[in-house]
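**Q** below: sequence and its predicted model.
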Amino acid sequence: MDLRYSAAEEAFRADLRTWLAATVPDVGPPPPSNDLVARRAYDTAWQAMLFDAGYAGIDWPREYGGRGASPVETLIFHEECARAGAPYVGVNFVGCLHAGPTLIAEGTEAQQARYLPRILRGEELWCQGFSEPQAGSDLASLRTRAERDGDTYVVNGSKIWTSFGEISDQMELLVRTDADAPKHKGITWLVCTMDTPGIEVRPLVAANGSVEFDEVFFDDVRVPVENRVGAENGGWRVAMVTFSFERGSAFVSEMIEVARETAALAELARKVTRRSGTAWDDAALRRDIGRLAAELDALWALVKRNVSEAARTNEPPGVGGSVLKLAFTELNQRLGELTMSVLGRAGAAATDLDGLPLAELTERSVRSLALTIAAGTSQIQRNIVAERILGMPRG
Amino acid sequence: MDLLPTDDQSELAAAVRALCEARFDVDSLRELEGSGFDAGRWGDLAGMGVFAATLEESAGGAGLGAAEAVLVFEELGRALVPGPVLWTQLAAGIVDGAAAGETVVGGLDLTGGAAGPHLVAHLDACDAVIGVAEDRVLRWDADAMRAVPLADSLDPLTPVHHVEELPPGDEIGGAEAAGRMVADATVLTAAFEVGLATAVTDMASTYALDREQFGKPIGAFQAVKHILADMVVRAEVARSAVYAAGATLDDPEAGDLDRIVHAAKICADLAADKNARACIQVHGGMGYTWEVPAHYFLKRAWVLEPLFGGIAEHADAVAASLVS
C-alpha cells in the first residue's frame, strides 16, 4: 500500500499542469446549459484542444489514436483537469467513454477507422439509444425492432433518455433482431447515423428544467448492415462491454467538483443568516457537512483502490464500479439535501439574491436526483453487488 | 500509487487469518465469555508477532509499518479477537515485555477531555495500564488503578473495571508520542472495525443463502439482497479509508493525515455498527438469540465506536477544517 506516485507519473502530472495552466484561462466560461448548439461548440472545441495536445482518448490504446495512459495516469488526468477548472467531457461523454471504447473492443477495423478519429478530434458527437419507455431497468426487454432487408436493417420503435440527441451525429443503438429468441439473445448493437430519414427527436424537459434528454422515434429507418457492431443477436454482450466502461471511469471529475462544492457550502453556511446567528451555528448541520466531507475522502480512497486494481489486472473495474456508484451518487444527493438545509427559506428562489448563487445551488440539488436513477438505478446496482460479489441467487 | 496490499502484505494478513481461524473460532469465543482472555491464545498472538509488529527491528520488533498493522488488525477484527490487543501493541517499546506479550497492557482513552467514567477493559488480565491523551502518555501498574470490577459488561467478551478516581500515573510520553499514539490507535481501531463489518457481512450472506422461506433462499429476495449490498458498500468504503490512513501514517507527506484518519474512523464506526445490526436483522429471530454470535459483533462495535472519538467528534473536526 503506497500513496506515492512514481517519478514518471509525477512528470506526467507536471506536464499536464503546465499545459492546463497555459490553456484553460483562454477557454472562457461554459455557455448556458440549455443552449445545446453552443454547448456542442464549446465542448468539442475543448476536445479538439485535447487532441492537438495529445491528451484525447487518454486511456485509449495508442494504436487507436489514444494516449495509452495507464490507469494511474488516467486518474491523474481527470484529477488535474477538474482541479484546473477545465471543461468536463460534456457532450462528448458517449463518444469518448462509451462508444469509442466499445468500438475498440468489439468493432471491425473499418468501423474503428471510420468513427474513432472523429470522436477523438471532437468532429462527431455520439448519443445513446438503449432505454425505451417500456424497457428501463429491464433493458433486455427492449422492443425497438430491426428487420433485415438485404444490406440494411429497417428500424422501427422508440428510445428515451437519449442525452444530446438533437445535436448528435451518431447513435449507439440497441435493437431487437430476433423476437422469438430469449430476450437477451435477440438484441443487436448498431451505429445509427442521426440524419437518416425516419428519425424524429423530441426533447423532454427534465425536473431541473434541462432539455438535454430526448425521446427518439424510428419510422422505417434504414441502417446499413455494415454498421452492426458484434454479431447479429450478440448485442447484449456488446452492451455489457459498454456498461463496464460506463461504470468505470465516470466519477473522478465529479468527486473533485463535489469536494469543492462541500467546502463552498461550509463557507456559504457562515453567510446565511438564521433567526439567531448563521446556518453554520447549527451544530447538527455543521456535523452533517463534516461527515459528508469525510465520506468523500473515503470514496476518493476507494477510487484509488479501484484504479490500483485496474492497474494490476488491466481490466475495467466491473463490480467495484457498482460499489462506487452506489456510494457516490447517494453522497452527492445528500449534498443536495444539505444545500437546501443551508439555504433555508432563500431556497425558494432560483434566482441569485443577496450574493447567494441560488440559481446554481437549487438546480444542482434537483439535478442530483437523477444520479441514483441514470446508468442503472441504485436498486439495480444493489442487485448486482448482492449477486456478483456475494453470490445471492438471481431473483 | 497502489492502494492494494503487496504480496508480502497479503501473506502477512493470510497468516494472521489462519491463526485466528484456528484459535479464535466462534466456539472459542463462547468459551471466553466473561473473561475475554486466555493466556494460551494470548501467547499465540505474541508468537505470531502481533504485538511487536511495528516496533523497530533494533528494539526487537518486526519493523513493519502502519499499512501492515492495519491488515493485522483487520484480521483480528474479522475474528472478533478479544483482549487488550490494541493497547499491548501500542505499548510495545514503551512498556517492558509488551512487545513479547509477556506484559499484558490495558489502556484508557483519555482523549477529548478525558470525561469519565473511566472503564478499563480486561484489567484482571493486565500487568500494566497506559493512558493516552492528546498531550501525554501515562502508565500505571495494574494493581495501582484501585479499580472496581463491574458485575456485568455490555460485551460478554470485554469485561470492564471502573476506575473511580484516576491515580496520577507516570508520564512516559509527551505530546509528540501521544499524537502519534492517538493517530495509530484511531486507525487500528478503525481497521478492527472494518474486519468486524466484513465478518458480519459474510455471516449474513452465508445465512441468506442457507435459510429458506417461501420456498427459496431468503437471499433471492431483493429486500434482503439490498441489505446485504449496503453492507458490502459500507465495508468497502471504510476499508478504502483505513488502507489510505495506514499508508498515510507511513508516509505523512503523501496525503492529509488528519483528514484521512477522521474519514477512516467515521466510515469504520458506521460500517461496524450498521453492518452488525443488519446481520442480526438478516438472521431474523435467531439473530436475537444469545446462541447466534451476531450480538457479540454489535456489542463490540458499540464498545469501539466511542474510542478515540466517535462519528460526531470526527465529523465536527472535519467540519472545522473546511472553513478558513
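**A** Thanks, I have it. Numbering: from 1, shown residues only, chains lettered A, B, ... in the order given.
**Q** show me where the stretch 101-250 of chain A has its helices.
**A** Ranges of helices within the stretch 101-250 of chain A are A:109-120, A:235-246, based on DSSP state H, counting those that start in this stretch.
**Q** right, is the single longest helix found in chain B up against chain A?
**A** The residue-count maximum for a helix in chain B (DSSP state H) belongs to helix B:175-210. Yes: using Cβ under 8 Å from any Cβ of the partner chain, helix B:175-210 reaches chain A at B:T201, B:S205, B:A208, B:L209. All C-beta spots, glycine's among them, are computed from the backbone N, C-alpha and C.
**Q** if we can go back for a sec, compare the helices of the stretch 101-250 of chain A and give me the one nearest B:A315.
**A** Nearest of those to B:A315, taken as Cβ to Cβ: helix A:235-246 at 32.3 Å.
**Q** report the distance from the next helix or strand after that closest one to the chain centre.
**A** Next in sequence after helix A:235-246, counting helices and strands by DSSP states H and E, comes helix A:252-269. Distance, stretch centre to chain centre, for helix A:252-269: 19 Å (Cα atoms, centre = their mean, to the nearest Å).
**Q** check whether helix A:252-269 comes near chain B.
**A** Yes: using Cβ under 8 Å from any Cβ, helix A:252-269 reaches chain B at A:T262, A:A263, A:A266, A:E267.
**Q** and that helix, what's buried?
**A** For helix A:252-269, a neighbour-count test (16 or more other Cβ atoms under 10 Å in any protein chain shown) marks A:252-259, A:261-263, A:265-266, A:268-269 as buried.
**Q** got it, and stretch B:28-45?
**A** B:S28, B:L29, B:L32, B:G36, B:F37, B:D38, B:R41, B:W42, B:D44, B:L45.
**Q** excluding chain neighbours, what is closest to whatever residue of chain B ends up closest to chain A?
**A** Of chain B, the residue with the smallest distance to chain A, taken as Cβ to the nearest Cβ, is B:A319 at 3.0 Å. Spatially, and ignoring its direct neighbours in sequence, B:A319 is nearest to A:G290 (3.0 Å; Cβ to Cβ, 6 or more residues apart in numbering or on different chains).
**Q** same check on B:G83?
**A** Spatial nearest neighbour of B:G83, chain neighbours left out: B:F37 (4.9 Å); criterion: Cβ to Cβ, 6+ apart.
**Q** with A:F93 instead?
**A** A:F93 sits nearest to A:S163 (Cβ to Cβ, 6+ apart), 7.4 Å away.
**Q** and the one you found, bridged to which residues?
**A** A:F213 (DSSP bridges).
**Q** look up how far A:L204 lies from it.
**A** Distance of A:S163 to A:L204, given as Cβ to Cβ, to the nearest Å: 10 Å.
**Q** who has more neighbours out of the two?
**A** A:S163 (18 against 14; other Cβ atoms under 10 Å in any protein chain shown).
**Q** how near is the more buried one to A:G129?
**A** To A:G129, A:S163 is 11 Å away according to Cβ to Cβ.
**Q** before we move on, what about A:K185?
**A** From A:K185 over to A:G129 the distance is 20 Å, taken as Cβ to Cβ.
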